[in-house]
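> Got a predicted structure here, sequence first:
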Amino acid sequence: GVTQARSPGRRPPSPRSSGGVSPKLRLRAAAKADRVSPGAAKAAWVVFTDLDGTLLDSATYSFGPARPALRSLRDAGIPLVPCTSKTRAEMEPLRRALGVEGPAIIENGGGILEADGSLLALGPAGAQIFRAYDRLKKRAGGVLRAFHEMSDSELSAETGLSRVEAERARRREFDIPFAILGDSSEVEPVLAVAAAKLGLRITRGGRYFHLHGPTDKGKALRRVMRRYRGRRAVAIGDSANDLPMLKAAHIAFAVMTRSGKHDPDLVGGISNLRLVDRPGPEGWRIAVERLLEES
């Protein structure tokens, strides 16, 4: 369960002061001052969340079932920080739809999108990532296909995004999502080694692999938490690229993947992981409800 702050033990009685306050009244006043109200306890959290497959349905991208929990977080004064592989262009309208007023972590920790629309870069961007992808694709014999190599209509057909959403998803700055055509079990380890030699990393998301710099969701979470002194982080995710974020949090929840199972990398990677036996926004709602019940 969640460890809650406990009030310090009562002080031993002291003699009546010259002001005439009895020891019993002093004890009552001290106990009252030390108690933390339920609202104050709940407000001590910051919730970081993956989007696709977690807060957003993996097929429809809807967050409808999570709306009550989103309202509960706002009412409790708990900040919500999206932590996603999505781009800045995707995150800007989503942040408005979700009612997020603070920062958002984009492209698997590559950058922090600020409330005013400015961007804080945390890793290498642009040409360096795209040049590395070209080298890795040649190394893999051409069996890779990335977002920027598809048209808007192709990506829309493959992912279920609208064409407008697909165009936003292709505006990559720090992270390149790609598919391995055919069996990935032999190709992925080779690519991971080659990427490491270039100072980059490959991680697995819910649907695609991702090529990015030496950044991750966990490092970005810790960077954002510098702004929330006195609070603790809660993280909710569903796939392997959420592992650093979940490890960096005080409390970690994993919802089921679209296959109806929990990601084995998450289950094997975190000893105190809290499993939610529902996928997507329904599982997300349950995780938030559990957090608020225990706070």
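On my side now, so go ahead. Residues are numbered from 1 along each chain as shown.
> Mind checking what helix or strand follows the host helix or strand of residue 94 in sequence?
Element membership for residue 94, per DSSP states H and E: helix 88-98. As assigned by DSSP H and E, the chain's next helix or strand after helix 88-98 is strand 104-106.
> Now find how far off-centre that following strand is within its chain.
8 Å (Cα atoms, centre = their mean, to the nearest Å).
> packing partners for it?
Secondary-structure packing of strand 104-106 (3 or more Cβ pairs under 8 Å, 6 or more residues apart in numbering; DSSP states H and E): strand 80-82, helix 88-98, strand 111-113, helix 217-225. Bear in mind the C-beta positions are built from the backbone N, C-alpha and C, glycine included.
> Export the ones you listed to a markdown table and append columns for mean neighbour count and mean pLDDT.
As requested, those are exported to a markdown table (neighbours: other Cβ atoms under 10 Å; pLDDT from 0 to 100):
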| stretch | mean neighbour count | mean pLDDT |
| --- | --- | --- |
| strand 80-82 | 23 | 98 |
| helix 88-98 | 17 | 96 |
| strand 111-113 | 23 | 97 |
| helix 217-225 | 21 | 98 |
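> Tell me which of those sits nearest to residue 207.
helix 88-98 (14.7 Å; Cβ to Cβ).
> Show residues contacting that closest one.
Residues from elsewhere that reach helix 88-98 (Cβ atoms under 8 Å, 6 or more residues apart in numbering): 51, 55, 63, 70, 80, 82, 84, 86, 104, 106-107, 111, 113, 117, 119, 165, 167-169, 171, 173.
> do that again at 6 Å, thanks
Here helix 88-98 makes contact (Cβ atoms under 6 Å, 6 or more residues apart in numbering) with 104, 106, 113, 168-169, 171.
> Relative to residue 142, which of those is nearest.
Distances from residue 142 to those, taken as Cβ to Cβ, are shortest for residue 169 (22.6 Å).
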